[in-house]
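K.L.:
Sequence and predicted model, in that order:
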Amino acid sequence: MTRLRALTGCLAAASLLVSGYAEDAPKRIPRTDMSDTELEVMAREIHAAHLTIDTHMDVPMVLKRPGFDISKEYSWYENASQVDFPRMKKGGIDGGFFVVYVGQGPLTHEGRAQAIDAGFEIADLIRKTVEEHSDIAAIATSSDEAYAIRETGKRVVFLGIENGYTIGRNLDLLKDYYEKGVRYFGVTHSKNNDLGDSSTDPKGNMHMGLSDLGLAAIEECNRLGIMVDISHSSDKTAWDILEASATPVIASHSGSYANYPHPRNLNDALLKEIAARDGVVQMNMFSAYMMEVQPNEERSSAMSLWFKNYRGGKELSEAESLKSVDEYVAIQQKYPKPLSTVSAVVDHIDHMVEIMGVDHIGISGDFDGGGGVDGSMDIGQMMPITIEMLRRGYTEEDLKKFWGANVMRVLDACQSYAESLVPEEED
Ligand SMILES: [Zn+2]
């Protein structure tokens, strides 16, 4: 394994020599001579021609709602929903990663057991939902499958995990998740867990980075061909993951710290290292990580009351669940949350391109998980991002990479690595 790891490292270094950093990249020429309509036509043609993947959609949060039907078109403002198949299609998005997310709970036997149950339940819910709509969507577990599904005109659904809490302390479960189609594994969420430290735990560090169990989880992901996701991990955890992983890593939804200093964003040193190891960072469209949000007492107290009434682990009846959605929508309408802009999203991308080059960047909306910026509040509204990138001079080739080719390259690398280990195991 050591030899293979060294080889992967060499290949990553070699590919950087070939692709080079942005210093030697051709200078982009802004398309100032094109009208908005012309740019939109160009954007739509590009989306129609290439695989377009959003790597972080929390749609299972909404799938759980009674009566929600992903084959119907909803809206953020009326239904507090940001992802469904009709909007994906309209918005020129082929699909992406539906996330198996479990919020961080207590690190106790009971807490872990509940997290494991919840995780598998969500993975099954995603699979069942896609199976029920097999005429319009299909599960993808490799880049080849994604490209093939795209050819049929169906939406592409990958599975990813957000929060290693979903395996408790049982590494064997990674194989079970792999078999359910999971192709990325986010080590932490907003608090520390058994595997490593989070970037936002108010209590600070627990392990000083990745724990021994976390290290073993990375090796198991490498062995299986699951991409390791550093989003939400503390900087030290991220560095430990980069050091430990035999394959390139991803940040499924993260922005640039140089653009806005939030602990969820990645500093230039981390960005450089991710690129040096041939990984990708998928720009996260989460407004509060891109701008100073002024405290709004009324909104905060309305939201905490809502959380108190409808979250906190209690099972909701169908009526309660529907009422919770109505109240959530009412709060959003009464106290709209402050939103960042499409332009700020592309500012982060510009900076990351400067640091990493165009081969290491992708896009994620974080929809149904708090994501969205003014003018791009759901999966049907991704075109403004492409239009802004075109306006600033990005090429079709760049956009093809950002919208899918880069992250698919990382998935291929992870799967090839796993395949390369198989003969060793048969000894
Ligand atoms: Zn997240």
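P.N.:
Noted; the coordinates are in hand.

K.L.:
Can you give me the domain boundaries for the protein?
P.N.:
2-293+338-426, 301-336 (automatic domain parsing).

K.L.:
looking at the ones you listed, which is buried most?
P.N.:
Mean neighbour count, computed with mean count of other Cβ atoms under 10 Å, is highest for domain 2-293+338-426 among the domains of the chain, reaching a mean of 20. Every residue, glycine included, has its C-beta placed from N, CA and C.

K.L.:
What segments of the protein are strands?
P.N.:
Ranges of strands in the chain, per DSSP state E, are 53-57, 95-101, 137-139, 155-162, 182-186, 227-229, 250-251, 280-284, 361-364.

K.L.:
From the rest of the structure, what touches the last one?
P.N.:
Counting contacts by Cβ atoms under 8 Å, 6 or more residues apart in numbering, the residues outside strand 361-364 that touch it are 53-57, 96, 252-253, 280-285, 349, 352-353, 371, 382, 385, 401-404, 406-407.

K.L.:
Contacts only, for S190.
P.N.:
104, 198, 200-201, 232.

K.L.:
where in the stretch 1-150 of the chain is pLDDT low?
P.N.:
For the stretch 1-150 of the chain, the stretches with pLDDT under 70 are 1-26.

K.L.:
Please read off the pLDDT at S321 from the model.
P.N.:
Per-residue confidence (pLDDT) for S321: 87.

K.L.:
okay but R392 is in contact with K27, surely?
P.N.:
No: using Cβ atoms under 8 Å as the test, R392 is too far from K27 to be in contact (11.5 Å).

K.L.:
Pull up the overlap in contacts between these two.
P.N.:
Counting by Cβ under 8 Å, 6+ apart, R392 and K27 have no shared contacts at all.

K.L.:
For stretch 183-201, measure first residue to last.
P.N.:
One end of stretch 183-201 sits 26 Å from the other (Cα to Cα, to the nearest Å).

K.L.:
Please state the offset of that stretch from the chain centre?
P.N.:
Relative to the chain's own centre, stretch 183-201 is displaced by 14 Å; criterion: Cα atoms, centre = their mean, to the nearest Å.

K.L.:
Likewise for stretch 279-287?
P.N.:
Remark: stretch 279-287 is offset 7 Å from the chain centroid, using Cα atoms, centre = their mean.

K.L.:
tell me the mean pLDDT for it?
P.N.:
Mean predicted lDDT for stretch 279-287 stands at 97.

K.L.:
what do you get for stretch 233-241?
P.N.:
98.

K.L.:
With just CA atoms, put it into PDB.
P.N.:
The C-alpha coordinates for stretch 233-241 follow below in PDB (Å, rounded to 0.1, in the frame of the first residue of the first chain):
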ATOM      1  CA  SER A 233     -13.600  19.300   9.200                       C
ATOM      2  CA  SER A 234     -11.300  21.500  11.300                       C
ATOM      3  CA  ASP A 235      -8.200  22.700   9.400                       C
ATOM      4  CA  LYS A 236      -6.000  20.200  11.400                       C
ATOM      5  CA  THR A 237      -8.400  17.300  10.600                       C
ATOM      6  CA  ALA A 238      -8.300  18.300   7.000                       C
ATOM      7  CA  TRP A 239      -4.500  18.300   7.000                       C
ATOM      8  CA  ASP A 240      -4.500  14.900   8.700                       C
ATOM      9  CA  ILE A 241      -6.900  13.600   6.100                       C
END
